[in-house]
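In: predicted model, plus sequence, below.
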Amino acid sequence: MTEKKGIALALEDWKILFEDDWKSLIIALYMVLVGYGVLVGIPVISTAWVTKLGFTEVEVGRVAGMDLGGLAAGSVFTAWIIQKVNRRILVFFGIIIAVAANALCIRYVDYETVLYLRFISGFGSGIYTSVAVAVFGMSIRPALAYNLMLFSFAFSQALEMQVLPQLSMNGIYTAFIVCFLITIPFLGWLQSYPVSKNSDEAHAQPQRPISISAPTGPILNSRLWMRIQMPILLAARSCGHLFVHSWVVLLPHCSAIDLV
């Protein structure tokens, strides 16, 4: 049989990726784009806070920081609990938090209240987005799935930069609320757990213990690495901690982890 190369090999990888679980992949892609909506739209939203709510530049910086800080906190929280809780429930919980906080931002426009509401909204968005990122990491072709996510960002950012400036402040909040709520009918497309809870234990293979050896290069189980790497990258992207990102990059070259 002739070995596939070039475009033929790429098309085969795409076919394998979508045949694995295309429903989870599609809804996860949508969730990532929506969850990062505030992060991507910060320049537009910051301008709206100044021109439409009368916040000062210092206040806008603090409000934006609370929003992104909430996103990071939600990501860390999800990394800790995602293996213990049904993913659909976790996403629903994140949607309720984000929708409630954005709805309250329509009602309350004073600086002190908005400051804390944006943190709460970011926290819900962090939960929502982190589950989607985990879906990509657990796919059969994680690198290809993340490439799809990054490619889609180019179009979602362009759309957001065109639409958001045309909306009022309340219109921006309403747009976020609607985008979150659209997810609810499709929650069934997400897998409840990364590994089926209904599998027969008699057929389960014993798990080998984790072994950490001396520096021999990046010998990492891809799924374990995605669980470790992605929540940290989410926090690093939200807060801008360069040293966290450096740790993520250097860790594979410092130790070898083998987990089945």
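Out: Arrived safely, thanks for sending.

In: what about residue 50, neighbour count?
Out: 14 (other CB atoms under 10 Å). Where C-beta positions appear, they are placed from N, C-alpha and C, glycine not excepted.

In: could you say which helix or strand holds it?
Out: helix 42-53 (DSSP states H and E).

In: buried ones in the helix or strand following that helix, by neighbour count?
Out: Of the helices and strands lying after helix 42-53 in sequence (DSSP H and E), the nearest is helix 57-81. Neighbour-count burial for helix 57-81 flags 59-60, 62-79 (criterion: 16 or more other CB atoms under 10 Å).

In: how about low-confidence regions in this structure?
Out: Along the chain, the model assigns pLDDT under 70 to residues 1-19, 194-260.

In: tell me the domain boundaries of it?
Out: Listed by automatic domain parsing, the domain ranges of the chain are 13-189, 207-258.

In: tell me the most buried of those?
Out: Neighbour counts (mean count of other CB atoms under 10 Å) averaged over each of the domains of the chain peak at domain 13-189, with a mean of 18.

In: let me see the contact set for residue 108.
Out: Residue 108 makes contacts with 114, 117, as judged by CB atoms under 8 Å, 6 or more residues apart in numbering.

In: run through who's touching the helix holding residue 50.
Out: So helix 42-53 is contacted by 38, 55-57, 59-60, 63-64, 67-68, 109, 114, 160-161, 164-165, 168-169, 172 (CB under 8 Å, 6+ apart).

In: so who does residue 57 touch?
Out: residue 50.

In: for it, give its distance to residue 51.
Out: Between residue 57 and residue 51 the distance, using CB to CB, to the nearest Å, works out to 12 Å.

In: what do you get for residue 120?
Out: Applying CB to CB to residue 120 and residue 51 gives a distance of 24 Å.

In: what about the helices in the stretch 51-200 of the chain?
Out: Taking DSSP state H, counting those that start in this stretch, the helices of the stretch 51-200 of the chain run over residues 57-81, 87-107, 111-137, 142-163, 169-181.

In: great, nothing more from me.
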